[in-house]
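need a structure here:
(chains A and B, ligands or ions: 2)
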Amino acid sequence: MSFFDRFFGKEKKKSAGVAKDRLMIAIAADRENSRIPNLDQMRAEIISVLEKYISIDEIEISKERKGDMDMLEIEVVVKSTG
Amino acid sequence: MGIVFAVISGKGGVGKTTTSANLAIGTAMEGKKTVVVDFDIGQRNLDMILGLENRVVYDITHIMDGEANLSQALIKDKKNENLYFLAASQTKDKSVLERDKVKHLIDDLKENFDYIFLDSPAGIEGGFEHTIHYADNVIVVVNPEVSSIRDADRVIGLVDAKSHKAKAGETVGKFLLINRIDPELIEKNEMIATDDILDILSVTLLGKVPEDKRVIDASNTGKPVILHKESEAGKAYRRISKRLCGEDVPFEDVENAPSKGIMGKIKGLFK
Ligand SMILES: Nc1ncnc2c1ncn2[C@@H]1O[C@H](COP(=O)(O)OP(=O)(O)O)[C@@H](O)[C@H]1O
Ligand SMILES: [Mg+2]
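Ligands and ions are numbered 1, 2, ... in the order given. Now for the predicted structure:
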């Protein structure tokens, strides 16, 4: 700690600790994403298959993790023909 | 039957080639018949690091094309009779590596050598995949720095997905080599410590190599650091090589530079 830091009573968190915290978060997210990879491509393919049969108004694909299980939720709103 | 080690990293420039060269020499010094193969097609590098660049006649692409056989392409080190080397080509075309031919090559090497090191290119495609397809073990090289650690995690996650062995229900050994540890930064808490890296990445520690200016000098002269007796990085590679050969070598505290004794540290205080 420098004289001034001591004087003003502030101690900067050492950068190695900051690095570890940031890495833990980034890697947790990376691992999450890699469990169901290529989601964008999958989404595009699902849409193109569905559109052969129905008109789509909205599609939402979401990932969820319950305990040990990976869930993929696909919600499709069909265009009303009214 | 030989044991195959793929030396991988994700991020480039972390020390895969340096590690491949030094561990190959180290295990050869321990009496293992060792071969090291440069899989970084288009970026031939290992020949320079080993000081064997003038002896390359045929490289791995000639084997792939059937223009040379293995015994023609293998270069035998003149200083260590247990050490052999197979060069990468300098041309850019990575597509020369074909799965079946690579398998055939590695099977051949396993017949003839105890230890086989495959120096992988950076990234996760092409040459990288070929090195992990048939590896018994992977050595993940990492620097104590965020992007390198993050990329290492990604690569570790890919190993089982790509490995032939893992697909057959066997386990692939995954080992971590932390390279370029800077004792001064560790002491100031400005470099991620080994325990923290091991907390983040779930792999077994194989060894720690300190930052050492002699590594550059070694690449200038083509005489790897493991052959420099005074080099701290060289000593570290020596210990790691022994570990790879089954010797129980304790982990040295490379974080505390031995050259910088208590006096050196005190002087540092007043800088
Ligand atoms: N322990 C070390 N100390 C100092 N410099 C190093 C160390 N390890 C590697 N280097 C340097 O880092 C650079 C990249 O090393 P290299 O082995 O070619 O990495 P990669 O094969 O992963 O791209 C080289 O210039 C090398 O000399
Ligand atoms: Mg390299």
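
how about the residues of the stretch 101-250 of chain B by ligand 1?
B:Ala122, B:Asn179, B:Arg180, B:Val209, B:Glu211, B:Asp212, B:Val215, B:Ile216, B:Ser219, B:Ala233 (C-beta under 6 Å from any ligand atom). All C-beta spots, glycine's among them, are computed from the backbone N, C-alpha and C.

quick one: the second one and B:Ile139 touch, right?
In this case it means B:Asn179. No. Contact criterion C-beta atoms under 8 Å: B:Asn179 and B:Ile139 do not qualify, at 10.6 Å.

shared neighbours of those two, anything?
Here B:Asn179 and B:Ile139 have B:Thr19 as joint contacts, going by C-beta atoms under 8 Å, 6 or more residues apart in numbering or on different chains.

any weak-confidence spans in chain A?
Filtered on pLDDT under 70, chain A yields the residue ranges A:1-12, A:82.

strands along chain A, start to end?
A:56-66, A:69-78 (DSSP state E).

let's have these in CSV, adding mean neighbour count and distance to chain B.
CSV is the format used below for the strands of chain A (neighbours: other C-beta atoms under 10 Å in any protein chain shown; distance: least, C-beta to the nearest C-beta, whole Å):
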stretch, mean neighbour count, distance to chain B
strand A:56-66, 11, 16
strand A:69-78, 10, 15
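
the ones you listed into CSV, with extra columns for distance to ligand 2?
Shown next, in CSV, are those (distance: least, C-beta to the ion, whole Å):
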stretch, distance to ligand 2
strand A:56-66, 36
strand A:69-78, 36
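
pretty sure B:Glu98 contacts B:Ile63?
No. Taking contacts as C-beta under 8 Å, B:Glu98 lies outside contact range of B:Ile63: 11.0 Å.

now the helices for the chain?
As the question left the chain open, I've gone with chain A. All helices of chain A, identified by DSSP state H, fall at A:3-7, A:15-35, A:39-50.

wrong chain, I was asking about chain B
Secondary structure of chain B (DSSP H): helices at B:16-29, B:46-50, B:60-65, B:70-73, B:99-112, B:127-133, B:146-162, B:164-167, B:183-187, B:194-200, B:214-221, B:232-244, B:262-269.

reformat the ones you listed as JSON lines; add distance to A:Lys79.
As requested, the helices of chain B are arranged in JSON lines below (distance: least, C-beta to C-beta, whole Å):
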{"stretch": "helix B:16-29", "distance to A:Lys79": "53"}
{"stretch": "helix B:46-50", "distance to A:Lys79": "60"}
{"stretch": "helix B:60-65", "distance to A:Lys79": "54"}
{"stretch": "helix B:70-73", "distance to A:Lys79": "63"}
{"stretch": "helix B:99-112", "distance to A:Lys79": "46"}
{"stretch": "helix B:127-133", "distance to A:Lys79": "43"}
{"stretch": "helix B:146-162", "distance to A:Lys79": "39"}
{"stretch": "helix B:164-167", "distance to A:Lys79": "44"}
{"stretch": "helix B:183-187", "distance to A:Lys79": "60"}
{"stretch": "helix B:194-200", "distance to A:Lys79": "47"}
{"stretch": "helix B:214-221", "distance to A:Lys79": "64"}
{"stretch": "helix B:232-244", "distance to A:Lys79": "63"}
{"stretch": "helix B:262-269", "distance to A:Lys79": "72"}
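
which of those helices sits most buried?
Most buried of these, by mean neighbour count (mean count of other C-beta atoms under 10 Å in any protein chain shown): helix B:16-29, with a mean of 27.

send the alpha carbons of it over as PDB?
What follows is helix B:16-29 as a C-alpha-only set of coordinates in PDB (Å, rounded to 0.1, in the frame of the first residue of the first chain):
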ATOM      1  CA  LYS B  16       3.200 -25.600 -26.400                       C
ATOM      2  CA  THR B  17       6.100 -25.900 -28.700                       C
ATOM      3  CA  THR B  18       8.600 -25.000 -25.900                       C
ATOM      4  CA  THR B  19       7.000 -27.700 -23.700                       C
ATOM      5  CA  SER B  20       6.900 -30.300 -26.400                       C
ATOM      6  CA  ALA B  21      10.600 -29.900 -27.200                       C
ATOM      7  CA  ASN B  22      11.700 -29.900 -23.600                       C
ATOM      8  CA  LEU B  23       9.600 -32.800 -22.400                       C
ATOM      9  CA  ALA B  24      10.600 -34.900 -25.400                       C
ATOM     10  CA  ILE B  25      14.300 -34.200 -24.600                       C
ATOM     11  CA  GLY B  26      13.600 -34.800 -20.900                       C
ATOM     12  CA  THR B  27      11.900 -38.100 -21.300                       C
ATOM     13  CA  ALA B  28      14.600 -39.200 -23.800                       C
ATOM     14  CA  MET B  29      17.200 -38.300 -21.100                       C
END
